[in-house]
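J.: prediction below, plus the sequence it came from.
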Amino acid sequence: MVMMKHHILSLPLLVMIFCSSTTILAQKTPAPAPEDAGPTDIIRILKKAGGYTTLIRLLQTTQVSTQIDSQLLNSNGGLTLFAPNDNSFSSLKPGFLNSLSDEQKNKLIQFHLLPTFVSTANFDTLSNPVRTQAGDDTFRLGLNVTSSGNQVNLTTGIVNATVGGTVYTDRQLAVYEVDKVLLPRDFFVAKPPAPAPAPEKAKASSSKKKSADNDVVAGDDDSTSAASVKQRCLISVPVAVATIIVALFSW
Ligand SMILES: *[C@@H]1O[C@H](CO)[C@@H](O)[C@H](O)[C@H]1NC(C)=O
Ligand SMILES: *[C@@H]1O[C@H](CO)[C@@H](O)[C@H](O)[C@H]1NC(C)=O
Ligand SMILES: *[C@@H]1O[C@H](CO)[C@@H](O)[C@H](O)[C@H]1NC(C)=O
């Protein structure tokens, strides 16, 4: 009885994993941008500047590029983007970006965005910590700007960076090159205990392991639990079922 319960649990979980990876793949192929010179297009600006492949990819997968373009259309305050170039990204610890969840990737990009237009002359008017679009937590998401003459330094408590130059500016959007990826303390400092228990990840891997330990009990449950999930994720069901069959045989 206990073993069966584990198995019933494991199939939907597997299907969910397949479903979510399908979604991620789907997000990775954005629709091509129209070629007209209409409203501000952050991707086009960065492509034209060159050397921002990783940033462009992140902006697209997180869909923050779309958000930026529509913010510029719909608000008057403007935006400032600190843009780490490909060299900055390649000096991150290998695998670091991939270790981030989708939510963290989004937060990382929002952390590089100020919800106002800041001209080079105005950096010294900012008060620290500067508010980014990542959120208000001044410790976990704090970003300090210090400037003197032409030099503008940024610090997050984890990373010290320097503003290298202006990639683009109009009266609404400013894009500045920065020599480091701005990593918020949020990614490195332990989270306060979450209100909801049940760590989802640990549960998933332990039930997965248990189901591999099961041998014959499989048959009946497959069809019923697969049917209940079918509507949610048609394509993934055969894949998940195949995976389980393969797993059972190879065991
Ligand atoms: C910026 O940081 C550099 C060291 O990286 C330092 O020499 C310089 O004085 C700093 N400038 C400001 C304005 O804080
Ligand atoms: C940023 O500046 C504030 C106010 O000066 C200070 O309290 C905070 O410690 C600074 N944070 C970092 C990361 O330097
Ligand atoms: C950043 O600069 C401050 C001094 O301005 C220094 O104390 C700190 O160690 C630096 N942090 C890193 C990660 O380089």
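T.: Cool, got the structure. Ligands and ions are numbered 1, 2, ... in the order given.

J.: ok, the residue in the stretch 101-250 of the chain that ligand 3 sits nearest to to Asp86 distance?
T.: Relative to ligand 3, the nearest point of the stretch 101-250 of the chain is Asn160 (3.7 Å; Cβ to the nearest ligand atom). Every residue, glycine included, has its C-beta placed from N, CA and C. Using Cβ to Cβ, to the nearest Å, Asn160 is found at 20 Å from Asp86.

J.: same deal with Glu177?
T.: As for Glu177, its distance to Asp86 is 11 Å (criterion: Cβ to Cβ).

J.: of the two, who's got more company?
T.: Glu177 (19 against 14; other Cβ atoms under 10 Å).

J.: secondary structure element holding the more buried one?
T.: Here Glu177, judged by DSSP states H and E, is contained in strand 173-178.

J.: is that strand positioned near ligand 1?
T.: No: Strand 173-178 stays clear of ligand 1 (Cβ under 6 Å from any ligand atom), getting no nearer than 12.4 Å.

J.: let me see the contact set for Asp170.
T.: Asp170 sits next to Thr40 when contact means Cβ atoms under 8 Å, 6 or more residues apart in numbering.

J.: and the gap between it and Val64?
T.: Asp170 is 19 Å from Val64, where distance means Cβ to Cβ.

J.: which residues does the nearest residue to Thr80 once chain neighbours are set aside contact?
T.: In space, and not counting its chain neighbours, Thr80 is closest to Leu114: 4.1 Å by Cβ to Cβ, 6 or more residues apart in numbering. Applying Cβ under 8 Å, 6+ apart to Leu114 gives the contacts Leu79, Thr80, Leu81, Phe82, Val130, Arg131, Thr132, Gln133.

J.: gap between Leu114 and Thr125?
T.: Going from Leu114 to Thr125 by Cβ to Cβ gives 12 Å.

J.: and what of Asp179?
T.: Asp179 is 23 Å from Thr125, by Cβ to Cβ.

J.: of the two, give the one with the bigger neighbour count.
T.: Asp179 (16 against 10).

J.: check which helix or strand the nearest residue to the residue of the stretch 101-250 of the chain closest to ligand 3 once chain neighbours are set aside maps to.
T.: Nearest residue to Asn160 in three dimensions, chain neighbours excluded: Asn153, at 6.6 Å (Cβ to Cβ, 6+ apart). In the assignment (DSSP H and E), Asn153 maps to strand 151-155.

J.: that strand vs strand 173-178, what angle?
T.: Strand 151-155 runs at 80 degrees relative to strand 173-178, counting by axes from the mean of the first three to the mean of the last three Cα atoms, to 10 degrees.

J.: now do the buried residues in strand 151-155.
T.: Val152, Leu154, Thr155 (16 or more other Cβ atoms under 10 Å).

J.: residues in contact with the next helix or strand after that strand?
T.: Remark: after strand 151-155, the chain's next helix or strand is strand 160-169, criterion DSSP H and E. Here strand 160-169 makes contact (Cβ under 8 Å, 6+ apart) with 45-46, 49, 82-84, 119-120, 123, 151-155, 174-180, 182.

J.: if you set the cut-off to 7 Å instead, what comes out?
T.: Here strand 160-169 makes contact (Cβ atoms under 7 Å, 6 or more residues apart in numbering) with 45, 49, 83, 120, 152-154, 175-180, 182.
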